[in-house]
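Engineer: build me a structure from this.
(one chain, ligands or ions: 1)
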Amino acid sequence: MTYKRPNPAKRPTPNEHQDSYVYQIRNSLYINLTDRCTLACQFCPKHNGSTEVKGHELYLSKRPEADTIIPLIGNPTDYDEIVFCGYGEPTLRLKTLLQIANWVKENGGNTRINTDGLGSLFHKRDIVPELSECIDSLSVSLNAQNEVIYQQHCQPVLPDSYQAVQAFIKRANELIDDVQVSAINGLDGVDIAQCREIVEGLGAEFKQRELDIVG
Ligand code: SF4
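Structural biologist: The predicted structure follows:
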């Protein structure tokens, strides 16, 4: 299986770069577990020559383990949420994600994953029950009202991804209290009203995002 990787020519040189495993936006702490992705979204900063999100340099020279991340969190109750969201799809590092999220819950914090909703497809099993034990909130990107538009903007690596993200949303909504699903207003061909209808039909809450506004 191949994954889209950042263009090496656009990476910072090794002596300029220090990995950002955690970064803060407003009063939430974000965890950057991986640079791998099951999608190659055409609107993603990393496919537009940028390795930065909100001033945070997210290119990773290596993927961090739980025992690297946990000391960097400190006291999880100092933050509104601990959010798994970085330069790639966090559920690809499922074991590490669960280790960290379980630790956060044991220490009184709140957890969220920002995901493309393809974790169960990737792992070839339903991962939602494991997530539901330690994840309070999910933000899932649907991104399109049909497979053609999804393919155009997200370029999934795995077959049947558009069907899989909808199945994931439905399942997540059964086991996790707070499931928000987004599409981006302003992308060519994306019909926000139809996206909302699909999401609400799956029982989740729709969140409209705006093109070029991240975080
Ligand atoms: S899923 Fe997120 S990180 Fe991955 S390519 Fe799309 S926008 Fe970028």
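
Engineer: given the lengthiest strand in the chain, what are its sheet partners and their directions?
Structural biologist: Secondary structure assigned by DSSP state E gives strand 178-185 as the longest strand of the chain. Sheet pairing of strand 178-185 (DSSP bridges) gives strand 137-141 (parallel), strand 205-210 (parallel).

Engineer: is the ligand within reach of it?
Structural biologist: No. Judged by Cβ under 6 Å from any ligand atom, strand 178-185 stays clear of the ligand, getting no closer than 9.6 Å. From N, CA and C alone the C-beta is placed, and that goes for glycine too.

Engineer: what's the following helix or strand after that strand?
Structural biologist: helix 192-201 (DSSP states H and E).

Engineer: which stretches of this protein form strands?
Structural biologist: Under DSSP E, the chain gives strands at 22-25, 28-31, 52-53, 56-57, 81-84, 111-115, 137-141, 178-185, 205-210.

Engineer: check which residues of stretch 45-60 are buried.
Structural biologist: 45-47, 51, 53, 56-60 (16 or more other Cβ atoms under 10 Å).

Engineer: mind saving the C-alpha coords of it as CSV?
Structural biologist: Taking Å, rounded to 0.1, in the frame of the first residue of the first chain, the C-alpha atoms of stretch 45-60 are listed here in CSV:
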residue,chain,number,x,y,z
PRO,A,45,-1.8,22.3,3.5
LYS,A,46,0.7,19.4,3.0
HIS,A,47,-0.4,19.0,-0.6
ASN,A,48,0.0,22.7,-1.2
GLY,A,49,3.6,23.1,-0.3
SER,A,50,3.1,23.9,3.4
THR,A,51,4.0,21.9,6.5
GLU,A,52,2.5,24.5,8.8
VAL,A,53,-0.9,24.7,10.5
LYS,A,54,-1.7,27.9,12.4
GLY,A,55,2.0,28.7,12.7
HIS,A,56,2.9,25.2,13.9
GLU,A,57,5.4,23.3,11.9
LEU,A,58,3.9,19.8,11.7
TYR,A,59,6.3,17.8,9.5
LEU,A,60,7.6,14.8,11.5
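
Engineer: avg pLDDT for it?
Structural biologist: In this model, stretch 45-60 has a mean pLDDT of 76.

Engineer: then stretch 194-206?
Structural biologist: Here the average pLDDT along stretch 194-206 is 97.

Engineer: what lies in contact with that stretch?
Structural biologist: With contacts defined as Cβ atoms under 8 Å, 6 or more residues apart in numbering, stretch 194-206 is touched by 140, 142-146, 166, 169-170, 172-173, 178-183, 208.

Engineer: and it, how far out from the chain middle?
Structural biologist: 19 Å (Cα atoms, centre = their mean, to the nearest Å).

Engineer: for that stretch, list the C-alpha coordinates in CSV.
Structural biologist: Provided in CSV are the C-alpha atoms of stretch 194-206 (Å, rounded to 0.1, in the frame of the first residue of the first chain):
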residue,chain,number,x,y,z
GLN,A,194,-26.8,17.8,0.6
CYS,A,195,-23.9,17.1,2.9
ARG,A,196,-25.9,18.3,5.9
GLU,A,197,-28.8,16.1,4.8
ILE,A,198,-26.6,13.0,4.6
VAL,A,199,-25.0,13.7,8.0
GLU,A,200,-28.3,14.3,9.7
GLY,A,201,-29.7,11.1,8.1
LEU,A,202,-26.8,9.2,9.7
GLY,A,203,-27.8,10.7,13.1
ALA,A,204,-24.8,13.0,13.6
GLU,A,205,-24.4,16.8,13.9
PHE,A,206,-23.3,18.7,10.8
